[in-house]
Structures are given as structure tokens and as C-alpha cells.
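1. coords below, sequence missing:
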């Protein structure tokens, strides 16, 4: 077992020195401490045991053993260095620096000790001391680039930018023109607002590496910052020839041509940018979104949809490409095509509620409520607390006259409405409609009242509530006031005018009712069987019976009137 431990130690610590070897090293200005054989053996035993404990990450035990070594011989740097490394690993930087400085002072010629000391001094913001050690390291080991880079970092941290540039130049004289070096100098020049020197640095680099597009791009952007657009333009053109798929450059060329009024050339470059798969889709989408308010212009409209095709071709697996295409089609009222692209999004990613919502809107606007019902049922599987999906699910059921089921859905969904009075109002209004159809009038009326508390000026609620009251013949004066207000809010709405005419009819104010029903007919309700039937009823009360019969017949031809319409026509008599 002892043999195995000795072998392990020799493998792990082969780079370390025994006490006798350390004593061969020059220790400046220190009197050589002569140890007895017993002390020397004890030192070596403690040191190797400490190294082993450090390797096992038993840092406290290792520190105790290293301290024993230091006590035996305080003029040996190695234990001090090892203690400094342990404290550094433990993020105890003050202690680490204390021991590191002692180790460096004992053996300034040791590059490893010096390097640790310089790094710790820099970390503790003791920049001047750190500079001196780094300078010494760059002189003794010119091949180690890291010393130059870290010395430059110390200059930068102490805001000595000239010193940093000088350090980079020294390294450049040793290793030659180097991209990293030049870019570091360029960064410093830009930070100190020395744009000319920054661009000159890149010109030198570009001459050395004429086909490095990264360098050329930075140089072109430097020219733009210096308002030298023509120089930037020439470089961007060169980059586009070197890198055919560089979408960022095409966008720069697009901006340039646009700034000088060359719109045709500008769009050509924009199209090339959209064809590029290297340009992030997130950089393209804002450009397409900017077209949303320009679709009335045929030329912009053509551009928008051309770019939409290009973005889908460049990013066929990214749902955002289909989503933005769908949005533009929706805005352009191409609802059938918009539906196709929104469905493409959902094939890739079903996790975005906005896409489900847009798909619902498309079908609701086409009055395809069977589809809306299917879409909302699936959407609710993914988003069981989304109130909007419950709302449209309930509306679809209401349209299908499944009132009881619709009421259940609305009552579920209303629980998930938070801080959205507009949506809450829609729930109240729709529930009131359902309860009216199921003849639960008390519930219906109370919900209409709740809705009007939220928004007393909602013309639709004012109209619907007043109309349902008139059908039941209750609270007619209240109904009249609400209906009149709805017409003030929307003065040319034929439906609202019909409601007011009907309430006047119920109040036996037939002449005024006739004037309002005529307004309704003039404002788009001439094809409504309900309005025409009302028109006939009013005429009948005014003893204009032949005209009344004529209006009833027209109502029957157009569509479904009231349950009594057929009887009125057949018996040529008014029934209420």
C-alpha cells in the first residue's frame, strides 16, 4: 500500500521540487538556512503530503501542512506559492496576494510566481505594481503573448489607453500584424473617439488580410461613424462580392441606396438580404412589420409579399416566417391565405397563443363559427386558462343555438378574466344574450346591467338590452332612453334605428316609429326580414294595410321573420 502511495505522489507531483532542489535555487538576499536531516525530511514529508491533500481538495489540511513547511524554513518560496494558489481558489484574494508577494520576493526570477503575483495584484486593483511585474515578464519571455495581453488589460483598467496601445505595438513588433491585436487597438481608439486612428488600424489589417470580411465590415462601419458613406459603400460592395450570403452587408447597401434616393437598387439589396439564411430572421421581421401600414400602396404591397416569400424560403423551419406572412395577409384582408400560413405555424409550434387567436379572428370574420369552435376546443387543450379562447368557444356555441352549453363555457371562461374590462364586458353581454334565449330574464337583465356599469356608453349593449325589453313589453320608457342613446352614439346604424322604431311602436307612437323605421331602411336594413316585418306592422297600425301586406311579403321572400309572419300574410291581419 505504501508503494502505491509513493507511486501516486511521484505521478501527481513530478513537477514539484524536493527541499534539496529548492535550496539550489537562488533566493535573493536571504541567508541560507541549514536544516538538519530530520528537519529536511520533515519538510519534504509535510510538503508532499500537503500537495496530496490539495489535489484531493482537502484545502484546510493542505494549508496546515504548508504552514508547517513555512515554519521549518520561511526562506523557501514554493510553500508560500502553493498557499497563495489555495487562497486564490477559495476566493480569499487578500490572503492569496499576501503569500504570493512573499513567494515572488523570495524568488523574483521564477516566472510562475511572478505571473500569479501580477494577476492577484491586478485583481486587487493594485495596477502600478501589477504593471511592473508584467513588464518584467514581457522582457524575460517575449514569446508568451499572454503577458502582453494582460499587461495591456491592466493599462486599460487603469485608464492608461496609450500604454495599452504601446504594449500591443510591442507585441506586434515580435509576432507581426495580428487580427486580434489590431482589433484590440481599434477598440481602444473607438473608445477614445479617435475614429481616424481606428480606421487606419483596420486599413493596415485589411491590406494584410484583404479577404477577411469581418475586418472589412468593421472598417466600413467605422467609415459610417465618420460620415464617410462613399468609402463605406465601396467596402460593402467588396464584401458582397467576397461573401455572397452576407445578409448584414446587403442591409447596409439597402440603407445606403435608400439614403440617396435609389429606391429600386435599395429594394434589390433588401431582397438579397431576405434571401440570405445567414441573416437572422429577427433582423428581417421588423422590416416586414413596417410594411403593415403601407399595403394600400400597390408598389409597397408587391414588395411586402415578395419579401414574405423570400423569408419563408430562407427560414422554412422557423414558425416566425409563416407568422409574419400570415399577419401581412390578414392585414391585406386575404383571410383564406392568412389561415393557411397561421396553420403552418401551428404545425411547427403550438405554444404561441397569439397564433391561435389570429386563426380564430380569421374564421370569425368569415362567419365560419364551426371552424372557430374546433380551433378553440383544441387551443383550450394547450391553454386551459385563456379567457379569449373560452369566449370564442362560447360565441361559436351561441351561434349554433346551443345556449345551455354556451352558458357553461362563458361561466368557466369568465373566471380567467383579469384586469380586462373590455373582455369582461363581452362575457357579460354574451351571457345576457344566452339567458335571454333560455328565457331566464332576471339573469339576462342583471348581466346587461353589470355590463353597463363597466361601460355605460356601449352602444351594442344599450341596443340589445332595450330591444329585448321591448320584445317582452317591459320597462319600455327605460328601453326607449337606452335605445335613443345608442343612436346618439352611432347615428347611422340601421339596426339601432329599427330597435328605436320598434320601442316607439310598442309605446303606440306610430308616426314617430314610421320615421325611424324609414331611417333604418335607408341605412342598410332594407334586406332585413325583421326590419321589413316591423315596417309592415307599423304601416298596419297607421291603417296603411295594403302597404303593410306588401312589406310582410317582402320579409317572407328575403328570409325568416317572426313566428307570426306566415299567419299575418295568410290572414291579412296583424298578430302580436
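-> Happy to help now that I have it. Note that the structure is predicted; figures quoted are calculated from it, not measured.
2. can you pull out the helices in the stretch 201-350 of the chain?
-> 213-225, 229-242, 247-259, 263-275, 281-289, 298-314, 319-331, 335-348 (DSSP state H, counting those that start in this stretch).
3. Point to the helix or strand of the protein where mean pLDDT is at its lowest.
-> The least trusted helix or strand in the chain, going by mean pLDDT, DSSP states H and E, turns out to be helix 2-12, with a mean of 37.
4. circling back: mean neighbour count and distance to residue 488 added to the helices of the stretch 201-350 of the chain, as TSV?
-> Quick note: C-beta positions are derived from backbone N, CA and C, even for glycine. Converted to TSV, those look like this (neighbours: other Cβ atoms under 10 Å; distance: least, Cβ to Cβ, whole Å):
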stretch	mean neighbour count	distance to residue 488
helix 213-225	20	57
helix 229-242	17	58
helix 247-259	20	49
helix 263-275	18	48
helix 281-289	16	38
helix 298-314	17	38
helix 319-331	22	32
helix 335-348	18	33
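5. wait, which of the ones you listed is closest to residue 376?
-> helix 335-348 (13.3 Å; Cβ to Cβ).
6. could you say what helices and strands that closest one packs with?
-> helix 319-331, helix 353-365 (3 or more Cβ pairs under 8 Å, 6 or more residues apart in numbering; DSSP states H and E).
7. In the protein, where is pLDDT below threshold?
-> For the chain, the stretches flagged by pLDDT under 70 are 1-32, 226.
8. In it, which helix is the longest?
-> Counting residues, the longest helix found in the chain (DSSP state H) is helix 37-55.
9. buried residues in it?
-> Buried positions in helix 37-55, judged by neighbour count with 16 or more other Cβ atoms under 10 Å: 40, 42-44, 46-54.
10. can you put these in TSV and add distance to residue 278?
-> Below are these laid out as TSV (distance: Cβ to Cβ, whole Å):
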residue	distance to residue 278
40	66
42	66
43	62
44	61
46	60
47	56
48	56
49	57
50	54
51	51
52	53
53	52
54	48
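11. before we move on, the earlier item: any chance of TSV for the helices and strands packed on helix 335-348, columns distance to residue 523?
-> Converted to TSV, the helices and strands packed on helix 335-348 look like this (distance: least, Cβ to Cβ, whole Å):
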stretch	distance to residue 523
helix 319-331	28
helix 353-365	22
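12. Domain-wise, how is the protein divided?
-> Per automatic domain parsing, the structural domains of the chain span 1-124, 527-576.
13. Make TSV out of these and add distance to residue 225.
-> Listed next are the domains of the chain as TSV, based on distance: least, Cβ to Cβ, whole Å:
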stretch	distance to residue 225
domain 1-124	31
domain 527-576	65
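14. Is residue 107 in contact with residue 116, as I believe?
-> No - Residue 107 is not in contact with residue 116 according to Cβ atoms under 8 Å; the separation is 11.9 Å.
15. picking that back up, which of the domains of the chain sits closest to residue 485?
-> domain 527-576 (20.2 Å).
16. Pull up the distance across the closest one, start to finish.
-> For domain 527-576, the first-to-last residue distance is 22 Å (Cα to Cα, to the nearest Å).
17. and what of stretch 282-301?
-> Stretch 282-301: ends 21 Å apart by Cα to Cα.
18. now swap in stretch 469-479 and tell me
-> One end of stretch 469-479 sits 6 Å from the other (Cα to Cα).
19. buried ones in that stretch?
-> Result for stretch 469-479 [16+ other Cβ under 10 Å]: buried residues 469-470, 476, 479.
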